[in-house]
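Colleague: what follows is a predicted protein model with its sequence.
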Amino acid sequence: MKRTLFNLFALMIVLGLALTACGGAAPAATEAPVVEAPAATEAPVAATEAPVVAEEVTVTIGFTASQTGAQEVSSKRQVNGFNLWMNQVNEAGGLTLSDGTVVKFAAQSYDDESTKERVQELYTRLITEDNADFLISPYSSGLTAAAAVIAEQNGKLMITTGAADDDTYKQGYTGVFQLYTPGSLYLTSTVDMLKTLDPAAKIAIVNESDKFSTAVVGGLKPYAESQGFEIVLEEAYASDTADFGPIINKIVDSGATVVLGGGHYPDGSTFARQLYERKVGIQFIGILVAPPDSKFSELGDAALGVTGPSQWEGKATHTEEEANGLGIEWFGPSGEEFSAAFEAAYGDKPTYHAAGGYTAGLLLERAIRNADSVESEAVKAALDAINIFTFYGGIKFDTSAEAHGLQIGHSMVVIQWQKNEAGELVREVVWPADVATKAPIFPITAP
Amino acid sequence: MQQISLLLASLPDGILLGFVYGVAAMGLTLIWGVMNVINLSHGPIIALGMFGTYLIFFKLGLNPYLGLFLVAPLGLLLGILIYVVAVHRVINAPHLSSLLATFSVNMIIIGLGTAAFTTSPYNVDFNMGSVSLGSTTLLGTRLIAALAAVIATGSLYLFLYRTRPGKYIRAVANNRSAAELMGIPSSRILALSFGLGTMLAAISGALIATFFPFSILSGGGYELKSFVIGVLGGLGNPVGALIGGLTLGVLEAVIPAFMETSWVPVIEFGLFILVLLVRPNGLFGAKQ
Amino acid sequence: MKNFQKYIGIIIPLLVIAGLLLYPAITGKAAARETAFTILKAIALASSLNILLGYTGYVSFGHIVFFGFGGYVGFYLLSTQGMSLWISILAGGLSSGILAFLLGKAILRLRGAYFALATIGVNEAMRAFINNFDLFGGPTGITLNFKAYLAYGGAAKALEMSFYVVGALAVLAIILSYIIRTSKFGLGLLAIRENEDAAEVMGVFAPDAKTWAYVLSAIIPGMIGVLFFFKNGNVEPHDAFPLHASIELLVMVMLGGQGTVLGPILGAFAYQGMRGYLVTSDFFKDIQLSVSGALLLIIVLFIPAGAIGWLRQRNAILRRVLA
């Protein structure tokens, strides 16, 4: 009897060990033994700051990316942008700190499958197994909210890009810094433009019912009303909506002349296509996220005239003169240099998601330089104090206790798909007027 | 009054979509009716049908409707393959086994599909114009899809009631052991039925792709719709599925006229549970 | 020895949990703790599902609805009403239990695949409803203010504590599962699984027994939900009711062997371990879903009784030992 029991235990233990090893502990064996205490999560990575002359340290930047799932399109562009920055810095020989230490960068990432289920496990893994020194957010507000908790809990800095929702920055975090203009401001500039086009427009707000889009609408609605617009319809739809027919009929029925809303890429592009197919005579369409993506032109004529807010556009990139005019320090490559390098690397014109990924790296680079250190506390202080201007635009963070890390230095532009002389669809910047490359087409269909 | 004009605008569209949903559900319900298996790989097969249209349209340059004649036999063969590999061994096992077996097929297809197509949305930019009817606009693609759906249903009906294999299928569905005693090769008939079920799923996917964007993950939503339709029309009743599809299409068109669109799934699934409880043979089936 | 042998069915499962709880402390890695958390959570959920699935044979495809619903109720109390984590966890378990009781009265009348379909419907209806339910934040969900962790000694401490709480809940689920398995009530459930009509004839009042099994299988998922959302710091409707997670739970129970105490534990262990490995492995990550699917298919086709069932069939002594 005893023997059987013993065998059974042995079996259990072997099985258990084998499976746990599979479960992710296996890589640990090959890693350098880091000083380990139960509270190891709090300990700064000791290896990176030893003040030896001309030492080279590698700073690991961790993030998850949506290689599959609903957020794939935008997430991949963001990662490409980030990788471009990293390769450029490393090829240029890294950063040199005042004590002669050369800092190089390495990235570690996992696929989060666009779901929150494993985001926290993966970020913990990035911090503790892969010893990531700094973190970049996943793409989308929901995933970022989950990842930010882990970053904050472990005292790691996280630069968020592709995460515009305001809410995350009002939860008392101190180490999460937002690169994007907050969601509540996404469509306010579109309203400003609309006011110059048709102050009597009747607006239908139709948005995806998710965290980000709801935040956008939360800012849009009061602003549009304060500007004297009448909102004739408010409608939220499920993220996986494929048939917008009933909603479009409601829009027609409400007498709206303008449609504002959308959500993320898949639903936004579908919505735009069906608005076109039904020829419902809407004079102006403003949709989130989808229009600024190059893939949007696949819709063909349905894309024509559709506008959307963009964090950055190659055609209206920010310049050093602009920075000088504002009296803010300029940093990094010009927009043209970035676009050319991105196109050379990925064969594709960069979108704002790509620019966001690149700038996340650029911001970190600048903060490390300012701090003259790669230690989290010093870099955090540098980020708090930062006020720079890059090709992507201004970067400055709210440092109040209520909304620490909220972006307050950056502004957005509005793009519209128009046809060039050759009849090809191109994204033109139509607002603000001082950076616009073309006048907006209005109305896009005769009333 | 406003609601009525909205209703009139949305109804025709809902009916057209309903036919296509009905074809998808028919595939599910046929398999259920013949072998008591809920096919959890239904969704990914719908998605494969969508990609079938995409590849035929872009790579072969064929008209998507002609492409149906390619998608359909491929769907049939795929179904027979799935039956032989994954379902046959568990056909007499408890429900859980066949559910999990078809779910693993689901995972395999989605995994391979993700590797091949990624999960990005695809669009078949195919326009057949539109017809204006009073306050509503009917899209050509949907009209043709509804027509194709009706033809598919009609053919299925003729096949089941007018041909020998079709009669075999009905016999096996009715009483498998008795059918075997009569000399009907039940394994082959089961494989054929499974193939027909996936063929219908693939056809509906191919039709949907002509007017909605899709990704390899899109099938899941239509699979859930198929469950709802199957139950509304009575599980195991292919003609009921078409009626169930129409019901769902109409509901989706009608509900937004009265409340926010985001309430549609609440009502759909609420109705689904209610029908399961009160009329498990479907809204139009015989009362139990 | 005799006593030891008698209780071996509970001792082995508890040893597994103890091992998992100690594993992070031994390796001293927080990542190990996260991995162990995921596994413990899966063990607790799978063991709970097993009470319904394994003992009564009712296939619930939407069991995650209790995780989501209980979690939402508790997390609402915690974040918006400022209640303590403990009360919220209890409230989450209670509300899931009540939901299961009401649902059970209605849908447990359905048998076989009809029941399975109804549970899918319940999950989807609940998700869609919460998405429209403004009290719980609607589509935006609920976010916990980071300061809330201060009450538990700061975020790092709160995380560590969550780990031990999930361990405690897993133990609770296993003990519950064991008690039911060895009780007369459990015997009645097994009779229902074998033949519901015959069981009724033999004096098991099936509707009540099934309902209570359903309630008992729902309480711990509700509690886990509150804890998980607390640890996550936020929740949105589509994270709370993932249908595929329900199916994964079924897979775990199936892998290990339904109707046994140890089976779901091993199944959860194996499944989570495998997924965790495949997702982060460079070689498999592109087709990890296909690999998981193929493995599952092989098991379903060739070892339908699951690992424990298979061992039991092979060996008479194991049959006695592996409850």
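Modeller: Good, I have the coordinates. Residues are numbered from 1 along each chain as shown, chains lettered A, B, ... in the order given.
Colleague: per-domain residue ranges of chain A.
Modeller: A:50-181+A:312-411, A:185-310+A:412-431 (automatic domain parsing).
Colleague: would you mind listing what in the stretch 101-250 of chain C touches chain A?
Modeller: Counting by CB under 8 Å from any CB of the partner chain, the residues of the stretch 101-250 of chain C lying close to chain A are C:128, C:131, C:138-141, C:143-147, C:149, C:155-156, C:158-159, C:231-234, C:236, C:238-239, C:242, C:245. In short, each C-beta sits where N, CA and C put it, glycine included.
Colleague: taking the residues you listed, please make a ChimeraX selection of just the buried ones.
Modeller: In ChimeraX syntax, the buried subset of those is picked out as below (16 or more other CB atoms under 10 Å in any protein chain shown):
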select /C:128,131,138,139,140,141,143,144,146,149,155,156,158,159,231,232,233,234,236,238,239,242,245
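Colleague: now intersect the residues of the stretch 101-250 of chain C next to chain A with the strands, please.
Modeller: Per DSSP state E, strands hold the following members of those: C:Thr143, C:Asn234.
Colleague: return only those of the residues of the stretch 101-250 of chain C next to chain A found close to chain B.
Modeller: Among those, the ones lying close to chain B by the criterion of CB under 8 Å from any CB are C:Ala128, C:Asn131, C:Pro139.
Colleague: so which residues of the stretch 51-200 of chain B form helices?
Modeller: For the stretch 51-200 of chain B, the helices defined by DSSP state H, counting those that start in this stretch cover B:64-82, B:95-117, B:140-162, B:164-174, B:176-181, B:186-208.
Colleague: the one helix or strand B:Val231 maps to - contacts with which helices or strands?
Modeller: In this assignment (DSSP states H and E), B:Val231 forms part of helix B:219-233. In terms of contacts (3 or more CB pairs under 8 Å, 6 or more residues apart in numbering or on different chains; DSSP states H and E), helix B:219-233 is packed against helix B:2-35, helix B:42-58, helix B:186-208, helix B:238-258, helix B:264-278, helix C:112-131.
Colleague: at 10 Å instead, please
Modeller: When contacts are defined as 3 or more CB pairs under 10 Å, 6 or more residues apart in numbering or on different chains; DSSP states H and E, helix B:219-233 packs onto helix B:2-35, helix B:42-58, helix B:95-117, helix B:186-208, helix B:238-258, helix B:264-278, helix C:112-131, helix C:243-256.
Colleague: quick one: closest of those to A:Ala341.
Modeller: Proximity to A:Ala341 (CB to CB) singles out helix B:95-117 among those, at 28.9 Å.
Colleague: now the residue in chain B positioned nearest to chain A. Nearest residue, chain neighbours left out?
Modeller: The minimum distance from chain B to chain A, using CB to the nearest CB, falls at B:Pro256 (3.9 Å). Leaving aside its sequence neighbours, B:Pro256 sits nearest to A:Pro246 (CB to CB, 6 or more residues apart in numbering or on different chains; 3.9 Å).
Colleague: now do A:Leu179
Modeller: Once flanking residues are discounted, A:Leu179 sits nearest to A:Thr161: 4.4 Å by CB to CB, 6+ apart.
Colleague: roughly how far apart are the residue nearest to A:Glu277 when sequence neighbours are not counted and A:Phe296?
Modeller: Spatial nearest neighbour of A:Glu277, excluding adjacent residues (CB to CB, 6+ apart): B:Leu139 at 5.8 Å. Computed with CB to CB, to the nearest Å, the distance linking B:Leu139 and A:Phe296 is 21 Å.
Colleague: so which of the two has more stuff around it?
Modeller: Each of B:Leu139 and A:Phe296 has its neighbours counted (other CB atoms under 10 Å in any protein chain shown); A:Phe296 has more, 25 against 21.
Colleague: grab the most central residue of chain C for me.
Modeller: For chain C, the residue nearest the mean C-alpha position is C:Leu45 (0.8 Å; CA atoms, centre = their mean).
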